[in-house]
Each structure stands twice: as C-alpha cells, then as structure tokens.
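In: okay, sequence plus prediction incoming.
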Number of protein chains: 2
Amino acid sequence: MTNDLLLRNVRPMGTAALDLLIREGRIVVLEPGLQAPGIAEEDGRGLLALPGFVEAHTHLDKSLWGMGWRRHQAGPRLIDKIETERRLKKEWDIDPARQSARQLVQSLRMGTTAIRTHVDVDDAVRLAGMEGVLLTRDGYADVMDMEIVVFPQSGLMIRPGVAALMEEAMRMGGDIVGGLDPCGIDRDPKGHLDVVFGLAEAFGKPVDIHLHEPGQLGAFSLELIIERTRALGMQGQVTVSHAFCLGDPDPALVKPLLEAIAELDIAIATTAPASRPVPSAQILRQMGIRLCAGSDGIRDTWGPYGNADMLERAMLLGLRNNFRRDEDVELALDICTRGGAEVMALQDYGLQPGCWADLVLVDAETVAEAVAARPSRALVVKHGRVVVRDGAALIEAP
Amino acid sequence: MTNDLLLRNVRPMGTAALDLLIREGRIVVLEPGLQAPGIAEEDGRGLLALPGFVEAHTHLDKSLWGMGWRRHQAGPRLIDKIETERRLKKEWDIDPARQSARQLVQSLRMGTTAIRTHVDVDDAVRLAGMEGVLLTRDGYADVMDMEIVVFPQSGLMIRPGVAALMEEAMRMGGDIVGGLDPCGIDRDPKGHLDVVFGLAEAFGKPVDIHLHEPGQLGAFSLELIIERTRALGMQGQVTVSHAFCLGDPDPALVKPLLEAIAELDIAIATTAPASRPVPSAQILRQMGIRLCAGSDGIRDTWGPYGNADMLERAMLLGLRNNFRRDEDVELALDICTRGGAEVMALQDYGLQPGCWADLVLVDAETVAEAVAARPSRALVVKHGRVVVRDGAALIEAP
C-alpha cells in the first residue's frame, strides 16, 4: 500500500471545490484540476472536507461497546461509580484488548483519527488494562494515533501498591502520567501530586489529571497543580481534564486560576457536560489557553451515553456554551480537531500541504452545518488510506 | 384505507415479543401468535416498540429546514434574536405554510406523532404565521395531532395592535393562548398577564407562557401566573415553558413555587438546555408535576441546532439531569412521550388496548438503549397507518 491518493472535488472547511493530492500519506498540493497519472483516485463529489477528529479524553479500556445492553446501576457519587466498575469488570469480563479495539473502530467510523485514552491502573485489574490497550495501539497503529495516560482510577494514596504499578505502566509504554481528584478521591493532595509529578519527572513525560472537584476545593487542587507545574518547569506539559472548578460563577475564584493556566500553558480537556459547571470555551480561547474535547467513557458502567462522534461532541460543546453564531459553532469543531491536536502535540496536523492526510468527508454545505446535522461519514482517510466508506469501517473490530 | 393492521413480533417498551392487532386506528389486543385473516400484516422483526413521541414545545412556523444553510448572525440577547428574526423573515421569505410542513414531516420521520407548536403573532407578520400553520394542520391532520399556541413573540404590550391580532388568531383556530416574559420582554407584567389570561377566559382555552426570566425576576412573574391560575380556577389549564427560574440553586426561592405549581396542576415544558439553569426533572416527577419536552426552534434564525428527534431530546434531558441509571433514562423518554401526552391532553395515548395506534419501532434491546443510541426509525405508525419505513417518510413534504 503506497498511501498515495488523488482526492478529487472536495471542499476543505467549506471553501470552493478543489483536488487534493496525497503522496506517502501526506497532503502535497490542493488545487483545482490536478492531474496525477498512475495514482488511485477518489471522487469527493463536492463534499465538505474536515481534518480528522481528535478524541482527546476517553477510556478505551472499559467501554461495553458490542457487549449487548447492560443495565446501569451505579449510585450517584463518584466513588459509587468507581466501586461498581471494579466489581463489574470481573463479573462481566470487560476485556480491555477487545473493548478498546471495538471503541477504536467505532471512533474511526465516526471520523476520529487520533485518541488520547486514560487506562485504569489499580490494585484490582493491576496492569491488565495497559496490556490490552497496548495490544490495540500496536494492532491499529497504522489507522489511529494513540496516546495512553496511565490513570489511577481507584485512587493512588488510598490503594497500596498503585504507585509502583503506575511506574511499571509507564515503563510498559505509557505516554502520560494520570491523576485523579487529589482531595476528593485520594484524600491526600500533597501525597497524590508528589507521586504524579514525581513519575512525570522520572520518565520525562507529561501529566493529565482528572479534576472533578468543584468550587473552592477544585481551586485548591488546581493551585497545587499550578505550583508544581511552575516549580518543575513543566510549561506546556500539563493537562487538567474536566476542571469543573473553572466553571464556578465567582470570577474572583476563576480569574487568577485562568491567568496562571495561560501563563504556564496548561491545557484543559472538557467533555462539555450539561449537568456540571464547565470552563467557558470562549474565555479560554480568548486567553490563548489550549482546549480540547473528548467523549469521556462511552457506554461503560458509569453511564449509558456516547457514540464516539466528535461532531456530536462539538454540538454538545456548542449547546453547553450557548454557541449559536456560525463562527462560534466553528470554534466548537476547532476544539474537537485542532484543539485536540495541539494538546496531543500531533505533528503536521491539518489540511495544508505537508500535513498528514487525516480527513473526513461529510455531506454538508458548511462547518456549522456539519456540527448541527452530523451527517454520516462518507469517507475517512488516515495517512492517505481510505479507512471508512459510506459510514462503514473498512477496518475490522473484534 | 381502513387503518387496520396486524403488527407482528414487536416488543412494547422492551417486553417479550408479541403481536399487536390494530382496528380502525386503535390497538385492540396485544398477544403472541395472533391471527387476523384479511388484515394487512407488518413484520416487526422483534424490534422495540415505543409510543409515538410528543413534541410539546416547538416553532413550526419559522424553521429554515430545507432552505439551504444560512449563517447564524443574531446577537447574544433575547431581544437581538427577536429583532434579527423579524428582519430575516422578510428578507429570506420564510413561508410559514411551507416551513411548518417541512418540519412536521421531519418530526414524523423521527417518530413524533403529536406536536404543540407556538406560532408567532406580531405587528410584522400579523396573522401570516397562523394562516400557514393552519394550512399545515389541516393538510396533515390524519398523520399528526397538532395544538397551536398563539404566541406574541415580539411582545404584546410593547407592540400596539398585537392583543387584537391574538384575539383574531384564537378565532381562526388557535388552541392555546401564549405569552412571553411578562417583565423581561414586555416590560409590563400585569398588563401582559391580564391580556393573556383575559383571552384564555374569553375563549375558554388554556395558556402556555414562555418564561425565560431567571432567578428572582422569573420567580416574580411565576408568582403572578400562579395567582391568576388560582383566581380564575384554571387548575390543569396552564403550562409554563422553560421556567429557568425553577433551576435556581436557592431552594428558598424554588420550593414554594414548586408547591404552588403542584397544587394548581400547572405543567412545565422544557427543552433541557445545557447552558441554562433548568427545573429538575427528578424533583418535578416526585412532586407529581406534569413535565413535557420539546425541541424549541429547529434550525431557525435563533440557532443552528435541532433535528426534531425526540429520542435525542430524551438523551439531552438525560445529560442535563445527569440521568445515568436505566430507570432514569426511561424517565427521560417518558417525559418525551407520556409527559407530552398529558400536557396536550391527548386522549387514549399509549400502548395499551383501546389506545390510538401511534407507535415507533427501533432496533434497540431496551428503552434506555433507544435513548442512548437513537437508531433510525424502522417503522412509524399513526392511527394504524404506516407513515415511515426504514427511516424514510411515506408522506411528502413541500
């Protein structure tokens, strides 16, 4: 397979129709009326071309995708969901290799070409999640860029042995050190963050911390994260996921945090939940803070929702931020594409010459219509290779 | 057309498979292995059967559905959207008859079999919206139940002549007297509500008031609505749409309002917006308050979103209310079906013998899966007649 392709008659981001020549997986030139004898051609039928979507926060290792419907039974608190999941992972045989591959192919089918996934490391599954997701990363390496966050889902200080397991997971191939609610779940913010940032320093890797803590509590944890980022010179190397405390209505609480986040180039990942306070996408963009988006868990024991569609995530971002004007809806999709690429530090991402040919064709006049209508994916191309046609993946899932 | 049908092998609300005999548009019997010689048969293939969805709050007269993509340009305030819409209705020729028929057929395609629509009556369009939507109601009467709310979208006290136009619209066939933000838009809550309730009394018709006003202001307007409902003996005859003030975090503000609403059987209509405070679906249900849901405007000058899918609305309700357990997701769909039927006072609604045969078949194991996955509608039946097959409407739109 050469990954050469002449994609005719497409409209990148809604521009006039042109042809797109791909060689060795990269976009070489975009012009109308290109000739490229001997190269495979695809007729883009005047469809809208978007860059491959970036799923920047999900949990591939524990989706129930393809396992039939399972009743959701977890209680209302975060800890209820953690405990329920620990039990059901065993009872239901939620195999991380199989399930991560299934969700990955569903993501691909919806036009996602890069994924940052958090993988549970705890005293129950130990390294089984890592082993499974690493198999999937290797098996699908030519169709999906993937970053693995080593994630202490059940807690780190409250679960003896998890720190050592995380260290081992980083050695196995983890890309990023994860963390979780240093106060709310782990009950020892200093201890938790010392381990997380200690591992990051030891391995020379970035950090991505789930921070659900709201209001003043979240602000306190965020301050501790900010202090460590500054002290360790980790500018541009830290992501805070969710960061509900940044959606607090009190500007006296939020503004100094945002200023420090901008100064230290800390990135924010959001799922744009409708039921929680969230950081304002508009304000973050205005302050130059990197913002990416993700589906979070997809049909797992935590909840029933999710289909891995980042066009739908852009719509949910738009609804959550009350984006109505076309330029704002375009920003929502930008967060789900370029925003994710910036956070994952994907090289040569976009629809310009020199970029990797990761792109999605949909039947829509404009970017805003694509978000509002979420049409099925007519074609998905990864590194120049057609991986989805007419909404169907050409890559097999287990 | 006899509207007789033997629908074989379906699972109402996820029960075991059975057959469903429909005569003269009504469900007669539900049993496995039915015989009905001479009656047309449909094979339900074991699909999940749901009652027809109820779109209980929308604006049929001004959707841009099928008019190509139009850039959304309105400013951030409610009054910006009102003024922009007044201008674009003329500039873009948003024909109420054509557009209401288009949205109606899209709703049908998604499984909706009853609609309550608000229709603009103002000093610019005057009665053109009413005339158009009445044509659509008549033209599609055998496939869609429709209630028309006479709606002073641009204000009533601030626009001379609108009260008289509303009276005329009620004479033309309006079912319900509408209202809008008595303080925030109309600047004269007593004047506004006196006209609205005066028309309701004169015509012996119910009331449905858009109330976007938040916090204390909304609570004040709601108190005025409550006082008039009690004084006029209009128990069970009043709907308040949106009611964002009931999503205020202060229970001292919300609780007495909810108690009065429950006592007077006032109904609440919600669109479950992610960016606004909303009444808690859980608490309203616990208090026995009727709650219905709607799409609000669908691809109109107010905003780009919407596809008339009440399964998606149930998902958005679920996300907004943080419903994760299956029984809660079932409640979300119940609001989009039975909840709407209660507010519209639809007679003989449901999947029991004696009910009108308004139903939807989808490929899902359970009700919760239908909401999470939103599969295309395999079959939609209205009064025993198949109106949608394999996701395609058998009824034409202009």
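Out: The structure has been received and is ready for your questions.

In: so in chain A, where's the weakest helix or strand by average pLDDT?
Out: helix A:78-91 (a mean of 92; mean pLDDT, DSSP states H and E).

In: assign a three-state SS to A:V388, would you?
Out: With DSSP: H, G, I helix; E, B strand; the rest coil as the basis, A:V388 sits in strand.

In: please see if whichever helix or strand comes after the least confident helix or strand of chain A touches chain B.
Out: As assigned by DSSP states H and E, the chain's next helix or strand after helix A:78-91 is helix A:96-109. No - between helix A:96-109 and chain B, judged by C-beta under 8 Å from any C-beta of the partner chain, nothing touches; the nearest distance is 11.5 Å. Bear in mind the C-beta positions are built from the backbone N, C-alpha and C, glycine included.

In: helices along the stretch 51-200 of chain A, start to end?
Out: A:78-91, A:96-109, A:128-139, A:162-172, A:189-203 (DSSP state H, counting those that start in this stretch).

In: next one: the stretch 201-350 of chain A
Out: Under DSSP H, counting those that start in this stretch, the stretch 201-350 of chain A gives helices at A:215-231, A:251-263, A:281-286, A:310-320, A:326-334, A:340-343.

In: near chain B, which residues of chain A?
Out: So chain A meets chain B at A:68-69, A:71-74, A:272-276, A:299, A:302-307, A:315-316, A:318-322, A:324-326, A:329, A:364-366, A:368-369, A:371-373 (C-beta under 8 Å from any C-beta).

In: can you tell me the closest non-neighbouring residue to A:L258?
Out: A:M287 (5.8 Å; C-beta to C-beta, 6 or more residues apart in numbering or on different chains).

In: thought that neighbour was touching A:A262?
Out: Yes - A:M287 lies in contact with A:A262 (C-beta atoms under 8 Å); the separation is 4.7 Å.

In: picking that back up, for B:R8, which of the helices of the stretch 51-200 of chain A is the nearest?
Out: Smallest distance to B:R8 across those (C-beta to C-beta): 32.1 Å, for helix A:96-109.

In: domain assignment for chain A?
Out: Split into domains by automatic domain parsing, chain A comes to A:5-51+A:349-391, A:53-343.

In: okay, those, which one's buried deepest?
Out: Counting by mean count of other C-beta atoms under 10 Å in any protein chain shown, domain A:53-343 has the highest mean neighbour count of these, with a mean of 21.

In: first-to-last residue distance for that one?
Out: End-to-end distance for domain A:53-343: 13 Å, by C-alpha to C-alpha, to the nearest Å.

In: and for stretch A:374-388?
Out: For stretch A:374-388, the end-to-end distance is 16 Å (C-alpha to C-alpha).

In: what's the mean pLDDT across that stretch?
Out: Averaged across stretch A:374-388, the pLDDT comes to 98.

In: just stretch A:148-156 next, same as before
Out: Stretch A:148-156 comes out at a mean pLDDT of 96.

In: with just CA atoms, put that stretch into CSV.
Out: This file holds the C-alpha atoms of stretch A:148-156, laid out as CSV (Å, rounded to 0.1, in the frame of the first residue of the first chain):
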residue,chain,number,x,y,z
ILE,A,148,-2.0,6.4,26.7
VAL,A,149,-2.5,8.1,30.1
VAL,A,150,-1.6,5.8,33.0
PHE,A,151,-4.7,6.5,35.2
PRO,A,152,-5.1,5.7,38.9
GLN,A,153,-9.0,5.5,38.6
SER,A,154,-9.4,3.9,42.0
GLY,A,155,-7.0,6.2,43.8
LEU,A,156,-3.3,6.2,44.4
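
In: what's the pLDDT at the spatially most central residue of chain A?
Out: Centroid check for chain A by C-alpha atoms, centre = their mean gives A:A56 as the closest residue, at 1.3 Å. A:A56 is assigned 98 on the pLDDT scale.

In: look up how far A:D194 lies from A:G155.
Out: Using C-beta to C-beta, to the nearest Å, A:G155 is found at 15 Å from A:D194.

In: which residues touch A:G155?
Out: Applying C-beta atoms under 8 Å, 6 or more residues apart in numbering or on different chains, we find A:G155 in contact with A:I82, A:D122, A:V162, A:L180, A:I185, A:D186.

In: can you check A:S154 too?
Out: A:I82, A:R86, A:D120, A:D122, A:D123, A:A124, A:V162.

In: give me phi/psi at the nearest residue to the second one once chain neighbours are set aside?
Out: Using C-beta to C-beta, 6+ apart and skipping the chain neighbours, the partner closest in space to A:R86 is A:A124 (5.1 Å). As for A:A124, its main-chain torsions (degrees, to the nearest 10) stand at phi -100, psi -60.

In: A:A124 and A:R87 touch, don't they?
Out: No - A:A124 is beyond contact range of A:R87, at 9.0 Å (criterion: C-beta under 8 Å).

In: now the helix or strand A:L48 falls within, how far from the chain's geometric center?
Out: Applying DSSP H and E as the criterion places A:L48 in strand A:41-51. Per C-alpha atoms, centre = their mean, to the nearest Å, the displacement of strand A:41-51 from the mean C-alpha position of its chain is 25 Å.

In: equivalent analysis for stretch A:141-160, please.
Out: Counting by C-alpha atoms, centre = their mean, stretch A:141-160 comes out at 13 Å from the chain centroid.

In: do the same with stretch A:218-229
Out: With C-alpha atoms, centre = their mean, you get 22 Å for stretch A:218-229.

In: which residue does the stretch 51-200 of chain A bring closest to chain B?
Out: A:W69 (4.1 Å; C-beta to the nearest C-beta).

In: so which residues make contact with stretch A:206-213?
Out: In contact with stretch A:206-213 (C-beta under 8 Å, 6+ apart) are residues A:78, A:116, A:118, A:149, A:151, A:175-184, A:196-197, A:200, A:218, A:220-222, A:225, A:234, A:237-245, A:269.

In: and it, C-alpha only, in PDB?
Out: Output of stretch A:206-213 as PDB, limited to C-alpha atoms (Å, rounded to 0.1, in the frame of the first residue of the first chain):
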ATOM      1  CA  PRO A 206       3.600  15.000  30.600                       C
ATOM      2  CA  VAL A 207       0.700  14.900  33.100                       C
ATOM      3  CA  ASP A 208      -3.100  14.700  32.600                       C
ATOM      4  CA  ILE A 209      -5.100  14.900  35.800                       C
ATOM      5  CA  HIS A 210      -8.900  14.300  36.100                       C
ATOM      6  CA  LEU A 211     -10.200  17.100  38.300                       C
ATOM      7  CA  HIS A 212     -13.900  16.800  39.100                       C
ATOM      8  CA  GLU A 213     -13.600  18.800  42.400                       C
END
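
In: ok, A:D309 touching A:S376?
Out: No - with contact defined as C-beta under 8 Å, A:D309 does not count as touching A:S376 (9.9 Å).

In: quick check: A:Q286 vs A:S241, distance?
Out: Counting by C-beta to C-beta, the gap from A:Q286 to A:S241 is 21 Å.

In: again with A:V343
Out: From A:V343 to A:S241 the distance is 10 Å (C-beta to C-beta).

In: find residues that contact each of these two.
Out: A:A269.

In: give the contact list for the closest residue to A:E85 other than its chain neighbours.
Out: Nearest non-adjacent residue to A:E85, counting by C-beta to C-beta, 6+ apart: A:T301, 4.5 Å away. By C-beta under 8 Å, 6+ apart, A:T301 lies in contact with A:K62, A:L64, A:R70, A:H72, A:A74, A:K81, A:T84, A:E85, A:L88, A:K89, A:I94.
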